[in-house]
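Visitor: sequence? don't have it. structure:
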């Protein structure tokens, strides 16, 4: 079966341990940044995404909203976010 970008990124995140946190780390919520595209969408979508991520990772999720991609880059580099939605799937 050929590997596409989405399956590669999923596999890479699991391999990096993002999907399987250590028990000691499970007390802290996963901090997940969302780009401006989510700011204009309904609360139902945001709540559904938070619930899905929390169930998939078996830990709480804190969604962080910012207006610019630069803000997310700064937060990611500083370690203030665990992951972020930087852009939509091209």
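Guide: Looks like it arrived, so ask away. Please read these numbers as outputs of a predicted model, since none were measured by experiment.

Visitor: tell me the helix or strand right after the worst-scoring helix or strand of the chain on mean pLDDT.
Guide: Lowest mean confidence among the helices and strands of the chain (mean pLDDT, DSSP states H and E): helix 5-15, at a mean of 54. Downstream of helix 5-15, the next assigned helix or strand under DSSP states H and E is strand 30-34.

Visitor: got the buried residues for the helix or strand just after that following strand?
Guide: Later in the chain than strand 30-34, the nearest helix or strand by DSSP H and E is helix 43-57. If you call a residue buried by 16 or more other CB atoms under 10 Å, then helix 43-57 has these buried ones: 49-50, 53-54, 57. No exception for glycine: its C-beta is placed from N, CA and C like everyone else's.

Visitor: how about the residues you listed in JSON lines, adding pLDDT and distance to residue 70?
Guide: Shown next, in JSON lines, are the buried residues of helix 43-57 (pLDDT from 0 to 100; distance: CB to CB, whole Å):
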{"residue": "49", "pLDDT": "87", "distance to residue 70": "22"}
{"residue": "50", "pLDDT": "90", "distance to residue 70": "24"}
{"residue": "53", "pLDDT": "92", "distance to residue 70": "24"}
{"residue": "54", "pLDDT": "94", "distance to residue 70": "28"}
{"residue": "57", "pLDDT": "91", "distance to residue 70": "27"}
